[in-house]
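# take this sequence and fold it.
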Amino acid sequence: MSVAPAGEPVLLFNSPLETGTRAVIVLNAAYPRALDLARLTWFDHLVVHTGDAGGPPSLHPSLPERSGELLVRRRLVEDSLTLMRRAHLVDAVADETGMAYRAADEAPAFVNLMRTEYAEALKSRASWLVSEFADLDADAMAARIERSVDRWELEFRSEGNQPGAGE
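From the prediction side, this is the model:
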């Protein structure tokens, strides 16, 4: 993560801080599950676009080109997880499938401090998202989303087509 040079604004939107905060909220809702980077990339998109997945109304507007967000989101999610690990809010864990991430012991206290209407709505949607998708394998998750989404096409079926794969 780089620091903005003196005199330049520090971006808050689509930054590692914003994305990392969403990741901590999602991982806290998923605890004790650990989620891999590919799933967290999808969840970062879906937690604010829950309406696309048949859930509660989306928190962010439904823009026609939002599927393009997924193409650039993986690196941002990865950077955000690094930041949240430094803040001791996310733990990296290795399992039989590779690297995954879990909410750290400090995560619940951090999440509970967020009490704005938006934060409460985000936490509610994270809980819904986890209950609906966290235990599905990639194919089942794609099938579930495809039934709900008719505005953009998912390329989720193979490991090579997941957001940012092959970078």
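
# any idea how far residue 59 is from residue 49?
The gap separating residue 59 from residue 49 is 8 Å, by Cβ to Cβ, to the nearest Å. (Glycine included, C-beta is placed from N, CA and C.)

# out of those two, which sits in the busier spot?
residue 49 (21 against 15; other Cβ atoms under 10 Å).

# contacts only, for that one.
Neighbouring residues of residue 49 by Cβ atoms under 8 Å, 6 or more residues apart in numbering: 58-60, 62, 66.

# as a markdown table, the residues you listed with distance to residue 78 and pLDDT would be great.
Listed next are the contacts of residue 49 as a markdown table, based on distance: Cβ to Cβ, whole Å; pLDDT from 0 to 100:
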| residue | distance to residue 78 | pLDDT |
| --- | --- | --- |
| 58 | 24 | 91 |
| 59 | 22 | 92 |
| 60 | 21 | 85 |
| 62 | 26 | 70 |
| 66 | 20 | 53 |
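
# could those residues go into TSV alongside distance to residue 29 and secondary structure?
What follows is the contacts of residue 49, written out as TSV (distance: Cβ to Cβ, whole Å; DSSP: H, G, I helix; E, B strand; the rest coil):
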residue	distance to residue 29	secondary structure
58	17	coil
59	15	coil
60	18	coil
62	23	coil
66	22	helix
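
# determine which two of the residues you listed are furthest apart.
For the contacts of residue 49, the farthest-apart pair by Cβ to Cβ is 59 and 66; their separation is 12.5 Å.

# how is residue 94 assigned, secondary-structure-wise?
strand (DSSP: H, G, I helix; E, B strand; the rest coil).

# okay, now the unreliable bits of this protein?
1-13, 63-71, 146-167 (pLDDT under 70).

# go again using 90 as the cut-off
1-14, 38, 42, 45, 49, 51-54, 60-74, 95-97, 137-167 (pLDDT under 90).

# name the nearest residue to residue 59, ignoring sequence neighbours.
With sequence-adjacent residues excluded and distances taken as Cβ to Cβ, 6 or more residues apart in numbering, residue 59 is closest to residue 48, at 4.6 Å.

# so that neighbour sits right up against residue 57, yeah?
No. The pair residue 48 / residue 57 is not scored as a contact, 10.8 Å apart, by Cβ atoms under 8 Å.

# residue boundaries of the helices in this protein?
16-30, 37-46, 69-86, 107-113, 117-133, 138-148 (DSSP state H).

# and of those, who's closest to residue 94?
Of those, nearest to residue 94 by Cβ to Cβ is helix 37-46, at 12.7 Å.

# and that closest one, what does it pack onto?
Packing contacts for helix 37-46, counted by 3 or more Cβ pairs under 8 Å, 6 or more residues apart in numbering; DSSP states H and E, involve helix 16-30, helix 69-86, strand 98-103, helix 117-133, helix 138-148.
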